[in-house]
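Visitor: I'd like to go over a predicted model; first the sequence, then the structure.
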Amino acid sequence: MTRYLGKDIYGSVTWTLAFVATFNAVSDLGFGSAHIKRISEGQDLDDCVSTFAIIKLTLTGIMVAFILVSVFVWTSVLGGTLEETSTDLILLFVLFQVLFDISSIATATFQAKMEMAKLPLVTLIDPIVRVPLIIFVCVNFMGVIELAFTYVIGALAVAIMALYLLFRDHIKWRRPTLFRSYYKFALPLALIAIISVLSSTMDKLLLGFFWTSGEVGLYSAPQVFLGVFAAISTAVAALTFPSFSKLHSEGNLKQIRTLTRQAERYIMMIGLPVSIVIIMFPFEVCLVLLGPLFEESGKAIGIMAVTNLIMMLNAVHASQIIAVDRPDLSARITLMTFVVSLGMFLLFIPDSFLGFGLGLSFTGAAIALLIGTTFNFLVIRYVVWHLTGTTTDPRLALQLLAGVAAAVALALCGMFIEVSSWFMLVVFGLMSIGTFILTLYALKEFTREDYRFFMELANVKKMISYFKDELKKK
């Protein structure tokens with residue numbers, strides 16, 4: 001998309017997705033977490049699924065109504081205008097979002113049951129179906145509407161697969177009796193759900209409002225690329241949430257602390273050496289990965305790599321707060337972070353807002369996001385320390401030292417070798433990982449046990465066997 005369609009079309013799609021996603025905040029309101037919590041506690045599965053399905057479909061219908069009414073009021077009542085393709089684009093992405101909301105009935109159930117083969121299987125259907133269609137649209141230089149249709153088709157495939165796997169488990173639909181239980185747990189999380197979505201979309205919305213879709217594209221493309229690595233921590237947090245919930249119900253806070261520190265340590269090992277390459281060669285990474293039209297994104301991607309690493313390290317700690325039945329604290333943290341981030345966005349992005357504004361466009365958005373994420377990191381660490389006694393492992397400082405060693409090695413090689421191709425980017429990536437691991441080994445922070453862990457993690461044969469066993473209900 002970045003190479004064939006350019007930053008304006010890419011930015012238009014990204015902005016519209018953010019616009020629809022903002023309204024889609026009302027389709028969850030914390031009920032997804034309530035569903036995971038109740039199943040992990042051992043509540044009747046059929047009752048839980050029946051209750052959640054009705055809640056989810058109702059809230060999704062409300063979301064659709066909100067968007068349609070908003071577009072009508074803006075165009076017909078207030079006299080506002082939309083670009084020629086904007087209305088059609090919004091409607092297509094509303095359909096896209098509805099299909100994903102429906103599939104979340106199944107995926108939330110899989111997550112609650114810790115069926116971690118079904119969850120990625122459903123998730124993988126989207127790129128498997130959508131990416132070939134996007135390639136076809138791009139190489140034929142089609143427009144933004146054709147591009148939007150690829151998203152809808154991918155979402156349809158996800159919904160079909162998710163519902164198939166759910167129905168295959170012989171879920172019995174029954175009269176729901178857990179509405180009050182779900183509502184009681186979800187109520188404090190409603191604010192979190194809304195603010196969390198706003199936090200993830202307001203950067204794109206404000207860039208589109210104060211600047212153009214081109215700036216949205218320059219900002220969003222590297223953000224999507226970094227999201228690939230952030231998915232690691234998201235997956236770990238998704239798995240640990242029901243585990244933490246179960247351990248908390250058993251009063252086993254020690255195991256929660258142990259699992260959290262282990263997860264943090266391995267996330268750091270995976271994320272830091274990759275982040276160092278991006279920080280050291282931001283423009284080269286954007287040129288090689290995104291194409292010449294997005295080389296300017298290098299102004300922001302280094303900052304965003306730091307932000308991404310902080311978010312990865314914080315994901316498991318954040319899941320603790322809800323797992324130990326303190327959604328009220330999570331709501332306060334989310335609200336405070338949103339206020340700080342919004343203030344920073346309004347300061348760094350526009351040329352002028354209420355007499356202030358630094359006019360840094362997408363680079364300013366990256367700086368603002370880093371400040372907000374750092375604030376969130378510090379607050380969550382303090383709260384988790386009070387709730388479960390979890391502290392940051394001081395031996396992570398050894399990983400930072402190994403990271404410095406990797407950065408020095410890359411800087412020295414960069415003086416003689418130019419990163420101008422995929423091959424050289426891979427070489428520098430392997431160099432970063434190699435230097436990082438060797439330094440950790442010298443510091444006795446990377447052991448044979450760690451090596452076996454990563455080998456097990458990368459064991460394709462066992463991974464396929466695990467998928468087959470789970471899908472066969474073994």
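Guide: Everything's here; your move.
Visitor: which residues of this protein fall in strands?
Guide: Along the chain, no segments are classed as strands by DSSP state E.
Visitor: can you list the weak-confidence ranges in it?
Guide: The chain contains residues with pLDDT under 70 at 79-85, 116, 238, 466-467, 470-474.
Visitor: Please report how far the residue of it positioned farthest from its centre lies from Leu410.
Guide: Using Cα atoms, centre = their mean, the residue of the chain lying farthest from its centre is Phe416. It sits 36.6 Å away. Distance, Phe416 to Leu410, by Cβ to Cβ, to the nearest Å: 12 Å. (Glycine included, C-beta is placed from N, CA and C.)
Visitor: Phe283 now?
Guide: With the distance defined as Cβ to Cβ, Phe283 ends up 14 Å from Leu410.
Visitor: same deal with Leu207?
Guide: Distance, Leu207 to Leu410, by Cβ to Cβ: 31 Å.
Visitor: Kindly report the same for Met304.
Guide: For Met304, the distance to Leu410 equals 18 Å [Cβ to Cβ].
Visitor: Which one of those two is surrounded by more residues?
Guide: With neighbours defined as other Cβ atoms under 10 Å, Met304 and Leu410 compare such that Met304 has more, 28 against 23.
Visitor: What's the local residue count around the nearest residue to the more buried one once chain neighbours are set aside?
Guide: If the residues on either side of it in the chain are set aside, Met304 comes closest to Ala366, at 5.1 Å by Cβ to Cβ, 6 or more residues apart in numbering. With neighbours defined by other Cβ under 10 Å, the count for Ala366 comes to 25.
Visitor: Same check on Arg332?
Guide: Neighbours of Arg332 under the rule other Cβ under 10 Å: 16.
Visitor: ok, it - contacts?
Guide: With Cβ atoms under 8 Å, 6 or more residues apart in numbering as the criterion, no residue contacts Arg332.
Visitor: One more: the one 5 residues further on?
Guide: With contacts defined as Cβ under 8 Å, 6+ apart, Thr337 is in contact with Ile195, Ser199, Gly372, Phe375, Asn376, Val379.
Visitor: Tabulate the residues you listed in TSV, adding columns for distance to Gly355 and neighbour count.
Guide: Below are those laid out as TSV (distance: Cβ to Cβ, whole Å; neighbours: other Cβ atoms under 10 Å):
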residue	distance to Gly355	neighbour count
Ile195	26	22
Ser199	25	20
Gly372	22	23
Phe375	24	17
Asn376	28	22
Val379	29	18
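Visitor: Out of these, flag the one nearest to Val316.
Guide: Nearest to Val316 among these is Asn376, at 13.9 Å by Cβ to Cβ.
Visitor: so the closest one makes contact with Leu313?
Guide: No - using Cβ atoms under 8 Å, Asn376 is not in contact with Leu313; the gap is 11.4 Å.
Visitor: Leu387 versus the residue nearest to Leu398 when sequence neighbours are not counted, what's the distance?
Guide: Distance criterion Cβ to Cβ, 6+ apart; nearest residue to Leu398, sequence neighbours excluded, is Glu445 at 4.4 Å. As judged by Cβ to Cβ, Glu445 and Leu387 stand 28 Å apart.
Visitor: same question, Ile102
Guide: With the distance defined as Cβ to Cβ, Ile102 ends up 35 Å from Leu387.
Visitor: what do you get for Gly251?
Guide: Computed with Cβ to Cβ, the distance linking Gly251 and Leu387 is 13 Å.
Visitor: again, but for Thr75
Guide: If you measure Thr75 against Leu387 using Cβ to Cβ, the figure is 48 Å.
Visitor: The top helix by length along the chain: which residues count as buried?
Guide: Of all segments of type helix in the chain, defined using DSSP state H, the longest is helix 213-249. Residues of helix 213-249 classed as buried by neighbour count (16 or more other Cβ atoms under 10 Å): 213-223, 225-226, 229-230, 233, 236-248.
Visitor: what's the answer for stretch 195-206, then?
Guide: Ile195, Ser196, Val197, Leu198, Ser199, Thr201, Met202, Asp203, Lys204, Leu205, Leu206.
Visitor: Show residues contacting that stretch.
Guide: 14-15, 18-19, 21-22, 24-25, 216, 219-220, 331, 334-335, 337-338, 341-342, 345-346, 349-350, 365, 368-369, 372.
Visitor: now do 6 Å
Guide: Surrounding stretch 195-206, the residues in contact under the criterion Cβ atoms under 6 Å, 6 or more residues apart in numbering are 14-15, 18, 21-22, 25, 216, 334-335, 338, 345, 349, 365.
Visitor: Run the chain-centre distance for stretch 273-289.
Guide: Centroid separation between stretch 273-289 and its chain, computed with Cα atoms, centre = their mean, to the nearest Å, is 20 Å.
Visitor: Same question for stretch 178-192.
Guide: Here the centre of mass of C-alpha atoms in stretch 178-192, compared against the chain's by Cα atoms, centre = their mean, lies 23 Å away.
Visitor: Now His170. Its backbone dihedrals?
Guide: Note on His170: its backbone torsions stand at phi 60, psi 40 [degrees, to the nearest 10].
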